[in-house]
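>>> Next come a sequence and a model predicted from it.
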Amino acid sequence: MPESPIRKLVPYAEMAKKKGHKVYHLNIGQPDIKTPKCAIDAVKNTDITVLEYSHSAGFESYRKKLSAYYQTHGLPVETEDIIITTGGSEALMFAIGSTMDHGEEIIIPEPFYANYNGFATASGVTVVPVTTNLENNFELPPISEFEVLITPKTKAILICNPGNPTGRLYTYEEIVLLAEIVKKHDLFLIADEVYREFVYDVNEKHFSVLNIEGIEQNAIMIDSVSKRFSMCGARIGCIVSKNKEVMEAAMKFAQARLSPPTFAQIASEAALETPQSYFDEVTIEYKSRRDTLVRELNKIEGIEVGVPSGAFYCIARLPVENADDFARWLLESYDSNGETVMIAPAEGFYSTQGLGLDEVRIAYVLKNEDLIRSVEILKEALKVYKAR
């Protein structure tokens, strides 16, 4: 199993804190936005006397409300199309395990969420990367670059939309392009859509794989409450598909782990009552943070940064040879008035050896003043690091 590039530096951050240093966490997508009160109150107000198993597919009441939620967002999802999972991570494990056998292949545009490597490894599946790059803001490459990679072992294409770690929001034309490929070659299109609400520009819109007609039997959607409701610790997600065979296979995995957690489902079901104003405020806040981060990074000579349209991450290319070494040095050997920053080296977000060595993923989940201070520290640190 590959180690997490996001979490492997945690011991160094802990050491920095023990020295009394303040660490600004730009490394992990843990929002500081408050969880909706209705979700917290629902757990506080339960009168459960026996903490029982739930159904392996999750509470029926929750799946019904989730179906209605998707339908209000234009997605044709019925209750039976949903299995509740322990986080989006488990949903991805179910999707890969249900559609691929040991030794088969999955095509993923890179850079991608680092744990996709782990999920594939756990299932004995080989990741075949299609490389996107910072120069064109991580646009999908032409269809020919996908088709040259398709072999008899290829079973699926996996995307994250909007993207982690790039913030890339796929256009309608890009989603249609992928739909054409999977239909032509009889593949699955697995879409990790946990950041669906995080779209910042008024002229842009999120397009789900479930919105594309003609690939109902190919499309699998992954979702989660973690980011949408700032409920990362709830560990509640879901796998959604109109393909009954896929869902029957996924149910076997769900039965094997018995059931998703009860209290977290109670909170997640209640969270669906969150008013639209909550999401409007969150979108405004994250757009402001994105603009602040990109503006401040662009002031540093030698840094190149992509402009994310969604999620709350960006990839930045630093004027260093090894971002992993720099990230470790920041925590182990550097502070600015007792403060330092934690960033995620981007090498672990690539499958192709040697790519991303000078790149980092930055999560803009801190308030604007903390982002500005973090970039100031980064700027000072780069001068010291390069002068060593």
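Yep, it's here.

>>> who touches the closest residue to Ser67 other than its chain neighbours in this structure?
Nearest residue to Ser67 in three dimensions, chain neighbours excluded: Thr79, at 4.7 Å (CB to CB, 6 or more residues apart in numbering). Any C-beta I mention is one placed from the backbone N, CA and C, and that applies to glycine too. Going by CB atoms under 8 Å, 6 or more residues apart in numbering, Thr79 touches 60, 63-64, 67.

>>> at 10 Å what do you get?
The neighbourhood of Thr79, defined by CB atoms under 10 Å, 6 or more residues apart in numbering, consists of 57, 60-68.

>>> just Lys244 next, same as before
Each residue near Lys244 by CB under 10 Å, 6+ apart is listed here: 80-81, 217.

>>> Now neighbour count, pLDDT and secondary structure too, for those residues, in a markdown table please.
Formatted as a markdown table, those follow (neighbours: other CB atoms under 10 Å; pLDDT from 0 to 100; DSSP: H, G, I helix; E, B strand; the rest coil):
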| residue | neighbour count | pLDDT | secondary structure |
| --- | --- | --- | --- |
| Glu80 | 12 | 98 | helix |
| Asp81 | 23 | 98 | helix |
| Gln217 | 15 | 98 | coil |
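
>>> Tabulate those residues (TSV), appending distance to Ala270.
Supplementary listing: the contacts of Lys244 in TSV, determined by distance: CB to CB, whole Å:
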residue	distance to Ala270
Glu80	23
Asp81	22
Gln217	33
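
>>> quick one: which of those residues is nearest Ile362?
The closest of these to Ile362 turns out to be Asp81 (CB to CB; 35.5 Å).

>>> Correct me if wrong: the closest one contacts Met221.
Yes. Using CB atoms under 10 Å, Asp81 is in contact with Met221, at 9.1 Å.

>>> Identify the contacts common to these two.
In contact with both Asp81 and Met221: 70, 75, 210, 238-242, using CB under 10 Å, 6+ apart.

>>> how about the helices in this protein?
10-18, 37-44, 60-72, 87-99, 115-122, 143-147, 172-185, 244-256, 262-271, 276-297, 323-332, 368-387 (DSSP state H).

>>> Indicate which one of these is closest to Pro165.
That would be helix 115-122 among those, by CB to CB, at 11.1 Å.

>>> Pull out the buried members of the contacts of Thr79.
Among those, those classed as buried by neighbour count (16 or more other CB atoms under 10 Å) are 57, 62-63, 65-67.

>>> Ala250: which of the residues you listed is nearest?
Ala250 lies nearest to Ala57 out of those, by CB to CB, at 9.1 Å.

>>> what's the farthest-apart pair in the buried ones among the contacts of Thr79?
Ala57 and Lys65 (14.0 Å).

>>> which residues does Ser67 contact?
75-82, 240.

>>> Leaving out the residues flanking it, which one is nearest to the most centrally placed residue in the chain?
With distances taken as CA atoms, centre = their mean, Asn164 lies nearest the centre of the chain, 4.5 Å away. Distances taken as CB to CB, 6+ apart place Tyr113 nearest to Asn164, at 4.7 Å, with adjacent residues excluded.

>>> my guess is that neighbour meets Asn161, correct?
No. Look at Tyr113 against Asn161 with CB under 10 Å: they stay out of range, at 11.4 Å.

>>> Quickly list what's touching both of these two.
What both Tyr113 and Asn161 touch, as defined by CB under 10 Å, 6+ apart, is the set 192, 194.

>>> Now do the same contact list for Ile33.
227, 229-230, 278, 281-282, 285-286, 312, 365.

>>> Quick check: PyMOL command selecting the buried ones in those.
In PyMOL syntax, the buried subset of the contacts of Ile33 is picked out as below (16+ other CB under 10 Å):
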select buried, resi 227+229+230+278+282+285+286+312+365
